[in-house]
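Visitor: A structural model of the following input is requested.
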Amino acid sequence: MDIELEVEGPVATLRLNRPDKLNAITPEMWHLLVQHIDRIEADPELRAVILKGTGRAFCAGADTGGQTGATSMGVAGAMEKLAEVHRAVLRLYHLRKPVVAAVRGHAVGIGWNLALCADLLIAGDSAKFCQIFLNRGIGPDGASTFLLGRQVGMFRAKEILYSRRLLGAEEALSMGLANKVVPDAELDAAAMAQAQDLAAAPTFALGLAKRLFHSNAANLEEFLERELTTVGVITQSEDRVEGVTAAKEKRPPKFKGR
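Guide: Just a heads-up that it's a prediction; the model follows:
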């Protein structure tokens, strides 16, 4: 399949698998991605996710081979096509389990946006990031401006998008667009270690904390109201009981994500 789902214990790996095309994404792959995410969401035994690409690139963006352009499909056709992209982006961004993106080589356009949907991003030293949309005469899609703007602020996001330039791994790290940079040879192991650590955490609380990070509260009062409800729910979770019990018994907690 062009997107593989691999399971190792509590960790699910979503692997973009078109190495001969640098994992460029086809319309069919958006459907596959949603299907795999639905399976991960529904399985309580899967507690963390790795997103990666096969071969020397993470993702070269959308596969435009054979496309005749948006003008030939009309506005309605273009909007319908983009709606499928949006559905996948939303499912990945709001997945209630922690996601680690492991990026080696190029992460371009919508490919970079998928990585930006993750909770953590580990870059191999060969990683190169680019918002290439304007080079093709199209507007940025797949939540580019939203994801970049939230991550680095408007001025930097505009410069990255308008310039269409490549950002190396170290520059991405310095901007807060990656959590760490490791040698390519160590990337897979680093991503798995990070995912396993997250899978052992109280993932029920992590999922709700993720909602708070994604919250678009209009003011501090509104945010604190949401936080109050969230913390109240977490307090009643099995993981909270286990955390308190383990502390009293002076042993490591064994969280179950519920």
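Visitor: the residue nearest to Ala115 when sequence neighbours are not counted in helix, strand or coil?
Guide: Take Ala115 and drop its neighbours on the chain: the residue closest to it by CB to CB, 6 or more residues apart in numbering is Ala101, 4.0 Å away. Every residue, glycine included, has its C-beta placed from N, CA and C. The assignment at Ala101 comes out as strand when based on DSSP: H, G, I helix; E, B strand; the rest coil.
Visitor: give me the nearest residue to Lys52, chain neighbours excluded.
Guide: Closest to Lys52 by CB to CB, 6+ apart is Ala102, at 4.2 Å.
Visitor: what's the weakest-modelled helix or strand in the protein?
Guide: When each helix and strand of the chain is scored by mean pLDDT, DSSP states H and E, helix 70-93 comes last, with a mean of 80.
Visitor: report all helices and strands that that one contacts.
Guide: Contact here means 3 or more CB pairs under 8 Å, 6 or more residues apart in numbering; DSSP states H and E; on that basis helix 70-93 packs against helix 27-42, helix 110-116.
Visitor: make a markdown table out of those and add mean neighbour count, mean pLDDT and distance to Val49.
Guide: As requested, those are exported to a markdown table (neighbours: other CB atoms under 10 Å; pLDDT from 0 to 100; distance: least, CB to CB, whole Å):
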| stretch | mean neighbour count | mean pLDDT | distance to Val49 |
| --- | --- | --- | --- |
| helix 27-42 | 17 | 96 | 6 |
| helix 110-116 | 27 | 96 | 12 |
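Visitor: can you say which of those helices is nearest to Ala88?
Guide: Of all the helices and strands packed on helix 70-93, it is helix 27-42 that lies closest to Ala88, at 4.6 Å by CB to CB.
Visitor: now do the residue nearest to Lys52 against Pro252, distance only.
Guide: Distance, Ala102 to Pro252, using CB to CB, to the nearest Å: 27 Å.
Visitor: neighbour count winner among these two?
Guide: Ala102 (28 against 8; other CB atoms under 10 Å).
Visitor: show me the contacts for that one.
Guide: By CB atoms under 8 Å, 6 or more residues apart in numbering, the residues touching Ala102 are 50-52, 58, 122, 124, 187-188, 190-191.
Visitor: top of these by neighbour count?
Guide: Neighbour counts for the contacts of Ala102 peak at Phe58, which has 30 neighbours (criterion: other CB under 10 Å).
Visitor: what's the pLDDT at it?
Guide: At Phe58, the predicted lDDT confidence score is 98.
Visitor: next one: phi and psi at it?
Guide: phi -70, psi -60 (degrees, to the nearest 10).
Visitor: Pro19 contacts Cys59, doesn't it?
Guide: No: Pro19 lies out of contact with Cys59 (CB atoms under 8 Å); the separation is 10.8 Å.
Visitor: what about Glu238, distance to Val11?
Guide: 21 Å.
Visitor: okay, those two: which has more neighbours?
Guide: Val11 (21 against 13).
Visitor: quick one, what contacts that one?
Guide: 46-50, 192, 195-196, 199.
Visitor: for it, which non-adjacent residue is spatially closest?
Guide: Nearest to Val11 is Ala195, by CB to CB, 6+ apart, at 4.6 Å.
Visitor: same thing with Leu206?
Guide: Pro98 (5.5 Å).
Visitor: quick check: pLDDT value at that neighbour.
Guide: Predicted confidence (pLDDT) at Pro98: the value is 97.
Visitor: same check, this time on Lys250
Guide: 92.
Visitor: so what does it look like in phi/psi?
Guide: Torsion angles, degrees, to the nearest 10, at Lys250: phi 60, psi 50.
Visitor: what's the spacing between it and Pro202?
Guide: According to CB to CB, Lys250 stands 18 Å off from Pro202.
Visitor: contact partners for Gly109?
Guide: Listed by CB under 8 Å, 6+ apart, the contact partners of Gly109 are 60-62, 130-133, 142, 144.
Visitor: if you set the cut-off to 10 Å instead, what comes out?
Guide: 24-25, 59-62, 64, 130-133, 135-136, 138, 140-142, 144 (CB atoms under 10 Å, 6 or more residues apart in numbering).
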